[in-house]
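# no sequence on this one, just coordinates:
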């Protein structure tokens with residue numbers, strides 16, 4: 001790839017900052033900068049610069065595109081996740097601790113509360129803090145409040 005082609009790609013990819021940063025690294029290398037100097041200008045560590053350089057030399061532009069591996073595989077299989085969803089649909093409100101205990105008893109798998117919230121969000125379920133109920137509150141408290149408010153407005 002020529003320097004002119006490199007400049008054109010830099011101008012067109014200003015929105016993709018990760019690729020842009022890597023292209024600037026390559027441009028600095030084309031201009032005779034050492035890997036260490038190019039890394040200092042970009043603000044990355046020297047080993048990262050060598051990785052980018054190797055990818056550029058082997059794959060060209062496509063080697064600079066970030067590769068996201070997708071993370072660690074789930075502890076639950078697809079079938080277990082489907083079964084968990086059916087179990088969760090049997091009850092309207094669950095606490096994250098209850099869901100964690102359910103997963104542990106049904107599938108013998110341990111998850112953190114943070115991961116439980118992520119699983120519930122992936123199912124489209126919402127997590128919320130429990131709302132405390134005052135035992136002294138009358139059943140028609142909202143109606144009483146509306147009536148009192150209207151009486152107050154008339155004053």
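Sure thing, it's come through. Please read these numbers as outputs of a predicted model, since none were measured by experiment.
# Outline the domain layout of the protein.
Annotated domains of the chain cover 3-64, 78-122 [automatic domain parsing].
# first vs last residue of the longest one, how far apart are they?
Taking CA to CA, to the nearest Å as the measure, domain 3-64 stretches 16 Å from start to finish.
# just to revisit the earlier point, export the domains of the chain as a markdown table, with columns for mean pLDDT.
As requested, those are arranged in a markdown table below (pLDDT from 0 to 100):
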| stretch | mean pLDDT |
| --- | --- |
| domain 3-64 | 88 |
| domain 78-122 | 92 |
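# which stretch among these comes nearest residue 131?
Of all the domains of the chain, the one in closest proximity to residue 131, counting by CB to CB, is domain 78-122 (10.3 Å). To be clear about C-beta, it is placed using only N, CA and C from the backbone, and glycine gets the same treatment.
# Pull the distance from the closest one to the chain's centre.
Centre-to-centre, domain 78-122 and its host chain are 19 Å apart (CA atoms, centre = their mean, to the nearest Å).
# In a markdown table: the domains of the chain, plus mean neighbour count.
Output for the domains of the chain, formatted as a markdown table (neighbours: other CB atoms under 10 Å):
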| stretch | mean neighbour count |
| --- | --- |
| domain 3-64 | 15 |
| domain 78-122 | 13 |
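# closest to residue 146 out of these?
Of the domains of the chain, nearest to residue 146 by CB to CB is domain 78-122, at 26.8 Å.
# you'd agree residue 110 is up against residue 104?
Yes - with contacts counted by CB atoms under 8 Å, residue 110 reaches residue 104, the gap being 6.2 Å.
# which residue ranges form the strands in the protein?
Per DSSP state E, the chain carries no strands over any range.
# Pick out the residue closest to the middle of it.
Centroid check for the chain by CA atoms, centre = their mean gives residue 118 as the closest residue, at 9.3 Å.
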